[in-house]
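# Fold the stuff below for me.
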Amino acid sequence: MSQVIRNTVKPTADAPKCPDGVVDLSKLTPGGENGVSVFVHYNGSTDQLKAMCTGMAVVQPGRSPHEPHRHPEEEFLIIADGNGEIECDGKTTQVGPGAVMYCAGNILHGITNTGKVPLTFYWSKWMARGF
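Predicted structure coming up:
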């Protein structure tokens, strides 16, 4: 199913196709460590994508889910609550609720909670068929 390693989740191409419907947060068991809770809503293939995963992370003040990193998947990250900074392609931006990051594949990126309350964000990563 979902693979969480040091608070990152890798899209799983060999997992079953993501089912239609709604995944309720209250039904998920969080993973994660070191002040970060990771909830995976979907991880698998879709009709148009070879692999995709999406979920939510809650990052405690002063923490990061992981060091800035790269991966072949494209990614969106949406800030729901709290404040922090996102590093993307060499630029660091202060973010708060409603901010959205897009990062192309293999671009260095990361997020840190710089606020005094938990930072909650939603993420989606995917790999198109043919890649």
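# where do the strands sit along the protein?
Taking DSSP state E, the strands of the chain run over residues 4-5, 8-9, 36-44, 49-59, 74-81, 84-88, 91-95, 100-103, 109-113, 119-128.
# of all those, which lies closest to Gly21?
Comparing the strands of the chain by their distance to Gly21 (CB to CB), the top pick is strand 36-44, with 10.0 Å. From N, CA and C alone the C-beta is placed, and that goes for glycine too.
# same for that closest one, what does it pack against?
Packing contacts for strand 36-44, counted by 3 or more CB pairs under 8 Å, 6 or more residues apart in numbering; DSSP states H and E, involve strand 8-9, strand 49-59.
# lowest-confidence stretch among the ones you listed?
Confidence, taken as mean pLDDT, is least for strand 8-9 of the helices and strands packed on strand 36-44 (a mean of 86).
# Kindly point out the strands partnered with it and how each is oriented relative to it.
strand 4-5 (antiparallel) (DSSP bridges).
# now the strand it pairs with: mean pLDDT?
Averaging pLDDT along strand 4-5 yields 48.
# which residues of this protein score low on pLDDT?
The chain contains residues with pLDDT under 70 at 1-6, 131.
# Who is His69 paired with across the strands?
With DSSP bridges as the rule, His69 is bridged to His109.
# Gln94 now?
With DSSP bridges as the rule, Gln94 is bridged to Glu85.
# just checking, it touches Gly82?
No. Gln94 lies out of contact with Gly82 (CB atoms under 8 Å); the separation is 11.8 Å.
# For these two, work out which one has more neighbours and name it.
Neighbour tally, Gln94 and Gly82, criterion other CB atoms under 10 Å: the higher count belongs to Gly82, 21 against 10.
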